[in-house]
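K.L.:
A predicted structure for the sequence below; I have some questions about it.
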Amino acid sequence: MKTKFDFFDYFIFILILLITIFIGLFFGLHLNDKLKHLWQKCFKKNIIQSEQNNESKTMEYLTANKSMSAFPIALSLLSTFFSSSSLLGFPAEVYQYGIQYWMVIIGVSFAPLVGAFLTGPFFENLKIVSVFEYLKMRYNSEYARLLGVTLYLIRTLIAMGIVIYGPATALSSVTDISSEISILLIGLIATFYTTIGGIKAVIWTDVFQTAIMLAGVIAVIIKGVYDVGGFSNLWEICSQGERLNFFVIDPNPLIRQSFWSLVIGSFVAWISSYGIDQQMVQRYAAAKDRRTAQSAILLNIPGVIILISLCCFTGLVLYANLSGCDPLSDSTSNVKNPNQLVPFFVMQKFSNIIFIPGLFLSSIFCASLSSVSSALNSMSACIWRDYLMRLKYFSNFNDSKSSLTTKIIALVCGLICTGMGFLISTLGTNLAQISGTINGSLQAPIIGIFFLSSLFPFNNIFGLYAGALSGFLVGCWLSLGSFLTKPIYPKPPVSILNCTVTSLRSNLQASNLNGFNQIYSVSYMWLSPIGVLFTILIGILVSLVTNKAFKIENNVDDKLIIYRALKKKDNRNKNFELNKF
């Protein structure tokens, strides 16, 4: 059995990366427009002059001039929010703790509805490119806008470090390439084609990368199920290993995962992705019209169900095939952390099949590339619109200089994200848990301030800052406490029949923390809801007190309060229908 890549694996791996780079160059250098021009010229058709001279190059870079159809946007959103944390972390999560993680599909499936019918149309009506422009309009304050974009940049830079680290740990386990070189590779490739190509390159590379992701996961499942003798045998092995724990109803927040924490926590967290995330807003703006944008978001409902189900089922496939000896307990295996379980399995099962190991690792790289490239383009939009355009020097830039500046911003952000990948590599735990913990704590105040601003007309800027600060501090306190105290959570049993070390079972609650420190064992899935709740409650309280103390009158335009804006739209539609008769 081979344990490292051979020539064929390297060949397919490099080929897929080159195709990804080519797509970025194709749109970045406008080769698609040049090919259309050449076609029309060769066949003596009327040559339609490029509208590039009349349209903003900067807007094309950030929103593709509203030219995208539903299907590529749908796949782009799907691949953006499914990174290496999903392809490596979800199977490792199920392998170690059981299928209960699959319950997140309930919460995740409802999140796109919020984006399609509530926040997406709401932001579109405001004609904004950066979602944080809304905060300036809502509070008539640049400081409100800067608060939102600063929180977003902190969260995204750290999150992309997690995403970059994922394929690096996978590649280092099956090749002679160190994790440090792998981090550089993934960071630089994503930075390159995002800087050159803009949002259109990001969307079309996401389409290609989604296909590669699906191909890699499906190949692993088919081979794994075949090797254990079919679905019935796989189900029996997982049942005996206590991996079919679908419903853990215990509401105790100190157990690692339960039905309630998974459903509620995933819904709140993914509202950020599909409801108020800058990447979603840009794709909504890139669509040809509102119906196209809504269709793209709604297509993500079956998409997320399929992808999460495939990733979780891959975890069951891992357990059924590796149940004879747990690689994490076997000192002779090369598996140093849970994120290397999938690459280990792929090299073990596909050692005699050319291209497949390379294809699967390419799928992991593609998952990271899609997430990083989308984040870089979004951060570029935020920094340009929310920071630099406020300054007189940059506000006077012509379109060419503006376009160049946004590309330089994407380049700098890419380098910073790559550096964050090196920092995240020191944590060495399950990617799904790292992502859930850090993203959950840092995105909570962002979700909170948008709901605070769009649902409560009496909220003022004092409440905005107090709520955001409290949500941020609570999230950071709980997540940092968890990483420092390292609570030990129970796991279903693993077989050590062919291993030299033993494993112990523990009770449901983290067993190494006592007294007040038990609070640090709160489920990472509760971090987002807790942070959002603190942000909203503290914001409301401070706003009520300061409104009375300083006699503040909040005369907020109805278009800036989501339920008022949508109600007005419904009334206009009804009047229009009546006038038709």
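P.N.:
Thanks, I have the structure now. Since this is a predicted model, take the numbers as computed values, not measurements. Residues are numbered from 1 along each chain as shown.

K.L.:
Can you report how many residues lie near the closest residue to Gly216 other than its chain neighbours?
P.N.:
In this structure, Gly216 finds its nearest non-sequential neighbour in Ser363, 2.9 Å apart by C-beta to C-beta, 6 or more residues apart in numbering. Bear in mind the C-beta positions are built from the backbone N, C-alpha and C, glycine included. When neighbours are counted by other C-beta atoms under 10 Å, Ser363 registers 25.

K.L.:
How about Tyr101?
P.N.:
What Tyr101 shows, counting by other C-beta under 10 Å, is a neighbour count of 25.

K.L.:
Pretty sure it sits against Ser261.
P.N.:
No - Tyr101 is beyond contact range of Ser261, at 10.7 Å (criterion: C-beta atoms under 8 Å).

K.L.:
From Ile181, how far off is Cys325?
P.N.:
Remark: distance between Cys325 and Ile181 (C-beta to C-beta, to the nearest Å) = 30 Å.

K.L.:
ok, these two, which is more surrounded?
P.N.:
Cys325 (17 against 14).

K.L.:
Would you confirm that the more buried one contacts Leu497?
P.N.:
Yes - using C-beta under 8 Å, Cys325 is in contact with Leu497, at 6.3 Å.

K.L.:
so Val94 makes contact with Arg243?
P.N.:
Yes - in this structure, Val94 is within contact of Arg243 by C-beta under 8 Å, at 7.0 Å.

K.L.:
For the two, list the residues in contact with both.
P.N.:
Common contacts of Val94 and Arg243 (C-beta atoms under 8 Å, 6 or more residues apart in numbering): 315-316, 319.

K.L.:
since we're on the residue nearest to Tyr101 when sequence neighbours are not counted, how many residues are nearby?
P.N.:
Closest residue to Tyr101 apart from its sequence neighbours, by C-beta to C-beta, 6+ apart: Glu93 at 4.9 Å. Using other C-beta under 10 Å, Glu93 has 27 other residues around it.

K.L.:
again, but for Ile249
P.N.:
7.

K.L.:
Over to Pro493?
P.N.:
14.

K.L.:
Am I right that it falls within a helix?
P.N.:
No - going by DSSP: H, G, I helix; E, B strand; the rest coil, the assignment for Pro493 is coil, not a helix.

K.L.:
close enough to count as contact, it and Gly241?
P.N.:
Yes - counting by C-beta under 8 Å, Gly241 is a contact partner of Pro493 at 6.7 Å.

K.L.:
Show me where the stretch 251-400 of the chain has its helices.
P.N.:
For the stretch 251-400 of the chain, the helices defined by DSSP state H, counting those that start in this stretch occupy 259-271, 278-286, 290-298, 300-322, 341-349, 356-382, 392-395, 399-424.

K.L.:
could I get those helices as CSV with distance to Ile19?
P.N.:
Formatted as CSV, the helices of the stretch 251-400 of the chain follow (distance: least, C-beta to C-beta, whole Å):
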stretch, distance to Ile19
helix 259-271, 30
helix 278-286, 22
helix 290-298, 23
helix 300-322, 21
helix 341-349, 21
helix 356-382, 10
helix 392-395, 36
helix 399-424, 20
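
K.L.:
Determine which stretch of those is the most buried.
P.N.:
Among the helices of the stretch 251-400 of the chain, helix 356-382 has the highest mean neighbour count (mean count of other C-beta atoms under 10 Å), at a mean of 28.

K.L.:
If you average the pLDDT over it, what comes out?
P.N.:
Averaging the model's pLDDT scores along helix 356-382 yields 80.

K.L.:
That helix vs helix 300-322, what angle?
P.N.:
Angle of helix 356-382 versus helix 300-322, following axes from the mean of the first three to the mean of the last three C-alpha atoms, to 10 degrees, is 140 degrees.

K.L.:
what's the angle between helix 356-382 and helix 399-424?
P.N.:
Going by the same axes, to 10 degrees, helix 356-382 makes 130 degrees with helix 399-424.

K.L.:
quick one, helix 356-382 and helix 278-286 angle?
P.N.:
With the same axes, to 10 degrees defining the directions, helix 356-382 sits at 80 degrees from helix 278-286.

K.L.:
how far out from the middle of the chain is helix 356-382?
P.N.:
The chain centroid and the centroid of helix 356-382 are separated by 10 Å under C-alpha atoms, centre = their mean, to the nearest Å.

K.L.:
Then stretch 480-492?
P.N.:
When distances are taken as C-alpha atoms, centre = their mean, stretch 480-492 is centred 23 Å away from the chain's centroid.

K.L.:
what is the rounded mean pLDDT of it?
P.N.:
Across stretch 480-492, pLDDT averages out at 80.

K.L.:
Also stretch 163-178?
P.N.:
Mean predicted lDDT for stretch 163-178 stands at 76.

K.L.:
Kindly report the same for stretch 394-411.
P.N.:
When pLDDT is averaged along stretch 394-411, the result is 86.

K.L.:
swap in stretch 531-545?
P.N.:
What stretch 531-545 shows for mean pLDDT is 96.

K.L.:
Same question for stretch 270-278.
P.N.:
Mean per-residue pLDDT for stretch 270-278: 87.

K.L.:
so where's the stretch 451-581 of the chain shaky on pLDDT?
P.N.:
496, 498-513, 569-581 (pLDDT under 70).

K.L.:
cutoff 80 now
P.N.:
483-484, 486, 488-489, 494-516, 568-581 (pLDDT under 80).

K.L.:
in it, which spans are helices?
P.N.:
With DSSP H, counting those that start in this stretch, the ranges of helices along the stretch 451-581 of the chain come out as 461-485, 527-549, 562-579.

K.L.:
Run through who's touching the second one.
P.N.:
The reference is to helix 527-549. Outside helix 527-549, the residues that touch it by C-beta under 8 Å, 6+ apart are 264-265, 268-269, 272, 436-437, 439-441, 443-445, 447-449, 451-452, 456, 458-460, 462-464, 466-468, 470-472, 474-475, 478-479, 522, 552, 554.

K.L.:
Okay, buried residues for it please.
P.N.:
527-536, 538-540, 542-543, 546-547 (16 or more other C-beta atoms under 10 Å).

K.L.:
Can you check which helix is longest in this structure?
P.N.:
Ordering each helix of the chain by length in residues (DSSP state H) puts helix 179-227 first.

K.L.:
Pull the distance from it to the chain's centre.
P.N.:
14 Å.

K.L.:
before we move on, what about stretch 7-25?
P.N.:
23 Å.

K.L.:
Show me which positions of it end up buried.
P.N.:
Neighbour-count burial for stretch 7-25 flags 9, 12-13, 16-17, 20-21, 23-24 (criterion: 16+ other C-beta under 10 Å).

K.L.:
Over to stretch 446-455?
P.N.:
446-454.

K.L.:
In terms of helices and strands, where is the nearest residue to Phe355 once chain neighbours are set aside?
P.N.:
The spatial neighbour of Phe355 that comes closest, neighbours along the chain excluded (C-beta to C-beta, 6+ apart), is Ile12 at 4.7 Å. Secondary structure assigned from DSSP states H and E places Ile12 in helix 7-28.
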